[in-house]
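J.: Here is my input, please return the structure:
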Amino acid sequence: MKNTNPTYFSKTVPTTALLQIFLLLISLLIESCASAKILTQAALADCNTSTVYLGAWWNHVPDTVSIQLDPMGGYQFAYWVDDAGNVCHGDPGKNGQLGPAVLKAYRPQAFALADKGTILSADRLKELQEIPVPLDPYAGSGFHFVQLYNNLWRMRSDGQTFRSTVTGPLSIPNVIEVGSRACVAPVSLLASGFGAVILPSSNKDAVRQDPNHCKVRTMPVDINMSEAARKKYNAMALPHGGEIYNVP
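T.: Reported below is the predicted structural model:
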């Protein structure tokens, strides 16, 4: 958790009292951060649906960096990699197609607020950061990588919300199993220099198998892949990762 609001003390405060206040603030900060992590872990452990939790988005940002924005949602890329290293979606050998499938990953109210630039409280933000992402409309199954492209934001300074219409950061890929538990707490890849540009969606037949690609899924094969291994499969860094298919 990042503390971007430093506390200033008056020179008239006794040293002992100052130390006590400092220790109290540190203990509260540590307790708050630990509680947030415990709540996120508990939510993931109990989750039996397809849900995105955004509370961990800035986990990898250095403590020296002042965080000005909080994520409110965007779009989830779902994909796997074939034997030639291409990004694919669908089912291999059945309806496998090049590029990631993209699903909406925001609450309708979050989109409406950000589109109008509405002021949003921190407490209300937390509610909007728990996002159901139904996978029923997606014609695919098995292990998939998922990455969140976040383009709805809230300014920490004044609560102002807005929608980015051009670029935005992607998360570190997670692994889910479509048709089973698909809950994730994405962490931003922005700290590593990765961004994303949403490209025009392709006009593909979601039912038909690509005759030359996406016949065999080679990755992911394990839902427990390490973060270091998952980072190697950032969609935008792989062939056809930018050829998105919007799931109806």
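J.: switch to C-alpha atoms for all contacts and neighbour counts from now on
T.: Will do.
J.: Can you show me the strands along the chain?
T.: 51-53, 69-82, 87-89, 97-98, 101-105, 130-132, 142-155, 161-163, 167-168, 174-178, 196-197, 217-219, 245-246 (DSSP state E).
J.: tell me the mean pLDDT for the fourth one?
T.: Right, the one you point to is strand 97-98. For strand 97-98, mean pLDDT rounds to 94.
J.: coming back round to it: what's the most buried one of the strands of the chain?
T.: Counting by mean count of other Cα atoms under 10 Å, strand 87-89 has the highest mean neighbour count of the strands of the chain, with a mean of 32.
J.: what's in contact with that strand?
T.: Contact with strand 87-89 is made by 78-82, 96-101, 140, 214, 235, 238-241, as judged by Cα atoms under 8 Å, 6 or more residues apart in numbering.
J.: same thing but 6 Å
T.: Identification of contacts with strand 87-89 by Cα atoms under 6 Å, 6 or more residues apart in numbering yields Y79, W80, V81, G96, Q97, L98, G99, P100, A101, C214, H240, G241.
J.: returning to that earlier point: adding distance to R124, write the strands of the chain out as JSON lines.
T.: As requested, the strands of the chain are exported to JSON lines (distance: least, Cα to Cα, whole Å):
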{"stretch": "strand 51-53", "distance to R124": "14"}
{"stretch": "strand 69-82", "distance to R124": "11"}
{"stretch": "strand 87-89", "distance to R124": "34"}
{"stretch": "strand 97-98", "distance to R124": "38"}
{"stretch": "strand 101-105", "distance to R124": "17"}
{"stretch": "strand 130-132", "distance to R124": "11"}
{"stretch": "strand 142-155", "distance to R124": "11"}
{"stretch": "strand 161-163", "distance to R124": "12"}
{"stretch": "strand 167-168", "distance to R124": "22"}
{"stretch": "strand 174-178", "distance to R124": "26"}
{"stretch": "strand 196-197", "distance to R124": "27"}
{"stretch": "strand 217-219", "distance to R124": "38"}
{"stretch": "strand 245-246", "distance to R124": "29"}
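J.: between those strands, which gets nearest to A114?
T.: Distance to A114, taken as Cα to Cα, is lowest for strand 161-163 among the strands of the chain, at 4.2 Å.
J.: where in this protein is pLDDT low?
T.: 1-49, 167, 181, 190-207 (pLDDT under 70).
J.: make it 50
T.: Low-confidence segments of the chain (pLDDT under 50): 1-43, 45, 192-194.
J.: Quickly list the domain ranges of it.
T.: The chain breaks down by automatic domain parsing into domains covering 1-46, 49-246.
J.: Please indicate which of those domains has the most neighbours on average?
T.: The stretch of the domains of the chain with the highest mean neighbour count (mean count of other Cα under 10 Å) is domain 49-246, at a mean of 19.
J.: follow-up on the earlier one: nearest to E127 among the contacts of strand 87-89?
T.: A101 (26.1 Å).
J.: ok, the closest one touching Y245?
T.: Yes: counting by Cα atoms under 6 Å, A101 touches Y245, with 4.7 Å between them.
J.: Spell out, range by range, the helices that occur in the chain.
T.: All helices of the chain, identified by DSSP state H, fall at 15-46, 108-116, 122-128, 227-231.
J.: Identify the residues contacting the shortest one?
T.: Defining contact as Cα under 6 Å, 6+ apart, one finds that helix 227-231 is touched by I172, P173.
J.: could you redo the last one with a cut-off of 7 Å?
T.: The contact list for helix 227-231 (Cα atoms under 7 Å, 6 or more residues apart in numbering) reads I172, P173, N174.
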